[in-house]
Structures are given as C-alpha cells and as structure tokens.
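Colleague: Just need the structure, nothing else, for what follows:
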Amino acid sequence: MKKIATLVLVSVLGGAITLGAYKTILEKDEPIVFNEQQTPSLFTPVNLKTTNTARLLQKVLILLLLQKKH
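Modeller: Purely as a prediction, here's the structure:
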C-alpha cells in the first residue's frame, strides 16, 4: 500500500511540474481583443483540425439543441 501511495504522489508531482513548466515557458499570454462591430456567434471555431471525437461531440450537441427547441 505504501508503494502505491508513493507512486501516486510522484505521479502527481511530475504532472504538476510538467504543467507548471508548460504554463511558464511555452504558453504565451495573448490578450483577447473584441471587435464591437461584429456580433458574437454561438459557435466559435477553436481548432480547424477536427478529430472523429470532436465531430461526434458536435453532432451530439446539435441534436441536444434541436431537442430543446421542440
């Protein structure tokens, strides 16, 4: 049991170090600029390379929205 707890603790520590390094070194802070002339849309494309999971999620969300309208 002690070895499992140690393994979990080391895994959490490694994840925290990796996330901290990513946030401080690789991720760039870019300000969000809003254009007042454009109206905000309901769906904003985030990534143009969609995977099968993303397409499935989009279809499920569209079906849920259509069901709420009826």
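Colleague: From now on I want contacts and neighbour counts done on CA atoms only, so please keep to that.
Modeller: Fine.
Colleague: And the helix ranked longest in the chain, what does it pack against?
Modeller: When the chain is parsed with DSSP state H, its longest helix is helix 2-21. Helices and strands touching helix 2-21, as assessed by 3 or more C-alpha pairs under 8 Å, 6 or more residues apart in numbering; DSSP states H and E, are absent.
Colleague: CA atoms of whichever helix or strand L66 is part of as PDB?
Modeller: Using DSSP states H and E, L66 sits within helix 52-69. Extracted in PDB, the C-alpha atoms of helix 52-69 (Å, rounded to 0.1, in the frame of the first residue of the first chain):
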ATOM      1  CA  ASN A  52     -13.600  12.000 -35.000                       C
ATOM      2  CA  THR A  53     -14.300  12.600 -31.300                       C
ATOM      3  CA  ALA A  54     -14.800  16.300 -32.000                       C
ATOM      4  CA  ARG A  55     -17.200  15.600 -34.900                       C
ATOM      5  CA  LEU A  56     -19.200  13.200 -32.800                       C
ATOM      6  CA  LEU A  57     -19.400  15.800 -29.900                       C
ATOM      7  CA  GLN A  58     -20.600  18.400 -32.400                       C
ATOM      8  CA  LYS A  59     -23.300  16.100 -33.700                       C
ATOM      9  CA  VAL A  60     -24.400  15.300 -30.100                       C
ATOM     10  CA  LEU A  61     -24.600  19.000 -29.200                       C
ATOM     11  CA  ILE A  62     -26.600  19.900 -32.300                       C
ATOM     12  CA  LEU A  63     -29.000  17.100 -31.600                       C
ATOM     13  CA  LEU A  64     -29.400  18.200 -28.000                       C
ATOM     14  CA  LEU A  65     -30.000  21.800 -29.100                       C
ATOM     15  CA  LEU A  66     -32.600  20.700 -31.600                       C
ATOM     16  CA  GLN A  67     -34.400  18.600 -29.000                       C
ATOM     17  CA  LYS A  68     -34.600  21.600 -26.600                       C
ATOM     18  CA  LYS A  69     -36.300  23.700 -29.400                       C
END
